[in-house]
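1. Generate coordinates for the sequence data below:
(one chain, ligands or ions: 2)
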Amino acid sequence: DEQRQRLSEAVKNIFLFRSLDHDQIGEVLDAMFERRVTEGENVIRQGDDGDNFYVIESGVYNIYVKNENDAEPRLVGNYDNSGSFGELALMYNLPRAATIQAVTSGALWAMDRHTFRRILLKSACRKRKMYEALLENVPMLKTLEKYERLNLADALIPKVYVPGQQIIMQGDSADGMYFVEDGTVRITMAKENNEEKEISRVSVGGYFGELALVTKKARAASVYAVGKAKLAFLDVEAFERLLGPCMDLMKRNIEDYENELLKIFGSKANISDIR
Ligand code: 1OR
Ligand code: 1OR
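-> Ligands and ions are numbered 1, 2, ... in the order given. Purely as a prediction, here's the structure:
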């Protein structure tokens, strides 16, 4: 019981499992077994065949990649007491793409290749495939590694809005941001009891709702679906874990908002208040 409790806690934050329904999550929990690792141990070696998929219960793990031209493996990142790894070789039938080395001792939850493919392959691959085109066409996301875009695809939650439906309300607190998969949204703003003014439109390949996440303030504007709109929602936790590399670009776009705002509401608008 105690073990299952710990396991279901660890599994909650794994984006790859978001494509699963309740029963499948149960199957995942049943199938996972614990593996203890010691400091310095290579859990996965680049080039090997894939055996297990791992969810981190505890410990710090370094990620090393050695390309053809590299003399030594390069440290490309790490996991600090959370996350998962080892899905690539199992999903795509490829040799391990990286070496994962335990920096500290730790504990992992493992799932064997056969079970992973049986429960996860279809739904997770479908989701990655579904969002691949969208994410390749969002200019802001070009700065991400292909591997990072795959993780983003796992984390996205599909949402559909009917014509005219409100998506974001100015002044609300923020729980995530949106990418436009299909359709168009309109962005409106109200200043000091004035009526709402349309300030911008966003369509396929665009995004919105990032501002409040970057500034950690209330929503700066309202957003409505124009026709039917298909959106991909990224919650704030996934935003913080996955979009770090895009932060500079987002901040640059926010400077453009400020310039536009001046034009629309005149010089009186206090532009410092969106920061
Ligand atoms: P795997 O089964 O190939 C190694 O075994 C695992 O390392 C891999 O699955 C991923 O789960 C994990 N590129 C490839 N695999 C990575 C990467 C990665 N990071 C973690 N893994 N990159 C790092 C991106 C920040 C790209 C490096 C160029
Ligand atoms: P948010 O989290 O504040 C509303 O929720 C979203 O509307 C906001 O993130 C932005 O994604 C978007 N120009 C274009 N888009 C905007 C603007 C904006 N404000 C908010 N959004 N301007 C106003 C800047 C305060 C400039 C006027 C064109």
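
2. how about the closest residue to Tyr161 other than its chain neighbours, phi and psi?
-> In this structure, Tyr161 finds its nearest non-sequential neighbour in Ala225, 3.9 Å apart by C-beta to C-beta, 6 or more residues apart in numbering. Every C-beta, even on glycine, is put in place using the N, C-alpha and C of the backbone. Note on Ala225: backbone dihedrals following degrees, to the nearest 10 are phi -70, psi 140.

3. which residues does Ala225 contact?
-> Tyr161, Val162, Pro163, Gly164, Gln165, Ile167, Gly183, Thr184, Val185 (C-beta atoms under 8 Å, 6 or more residues apart in numbering).

4. Next to ligand 2, which bits of the stretch 51-200 of the chain? Give me the list.
-> Ile168, Ala174, Ile187, Met189, Ile199, Ser200 (C-beta under 6 Å from any ligand atom).

5. Go ahead and confirm the first one touches Gly209.
-> Yes: between Ile168 and Gly209 there is a contact at 5.8 Å, judged by C-beta atoms under 8 Å.

6. Now do the shared contacts for those two.
-> With C-beta under 8 Å, 6+ apart as the test, Ile168 and Gly209 both reach Arg219, Val223.

7. In JSON lines: the contacts of Ala225, plus pLDDT, distance to ligand 1 and neighbour count.
-> Output for these, formatted as JSON lines (pLDDT from 0 to 100; distance: C-beta to the nearest ligand atom, whole Å; neighbours: other C-beta atoms under 10 Å):
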{"residue": "Tyr161", "pLDDT": "98", "distance to ligand 1": "33", "neighbour count": "20"}
{"residue": "Val162", "pLDDT": "98", "distance to ligand 1": "38", "neighbour count": "9"}
{"residue": "Pro163", "pLDDT": "98", "distance to ligand 1": "39", "neighbour count": "11"}
{"residue": "Gly164", "pLDDT": "98", "distance to ligand 1": "40", "neighbour count": "11"}
{"residue": "Gln165", "pLDDT": "98", "distance to ligand 1": "36", "neighbour count": "13"}
{"residue": "Ile167", "pLDDT": "98", "distance to ligand 1": "31", "neighbour count": "19"}
{"residue": "Gly183", "pLDDT": "98", "distance to ligand 1": "32", "neighbour count": "18"}
{"residue": "Thr184", "pLDDT": "98", "distance to ligand 1": "33", "neighbour count": "16"}
{"residue": "Val185", "pLDDT": "98", "distance to ligand 1": "31", "neighbour count": "24"}
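
8. What segments of the stretch 51-200 of the chain are helices?
-> 87-92, 113-136, 146-155 (DSSP state H, counting those that start in this stretch).

9. buried sites along the first one?
-> Residues of helix 87-92 classed as buried: Glu87, Leu88, Ala89, Leu90, Met91 (neighbour count, 16 or more other C-beta atoms under 10 Å).

10. just for the stretch 151-275 of the chain, where's the confidence low?
-> 265-275 (pLDDT under 70).

11. in it, which spans are strands?
-> Applying DSSP state E, counting those that start in this stretch to the stretch 151-275 of the chain gives strands spanning 157-161, 166-168, 176-182, 184-189, 197-203, 207-208, 222-225, 229-235.

12. so what does the fourth one touch, helix or strand wise?
-> The one in question is strand 184-189. strand 197-203, strand 222-225, strand 229-235 (3 or more C-beta pairs under 8 Å, 6 or more residues apart in numbering; DSSP states H and E).

13. now with 10 Å?
-> Where contact means 3 or more C-beta pairs under 10 Å, 6 or more residues apart in numbering; DSSP states H and E, strand 184-189 is packed against strand 166-168, strand 197-203, strand 222-225, strand 229-235, helix 247-265.
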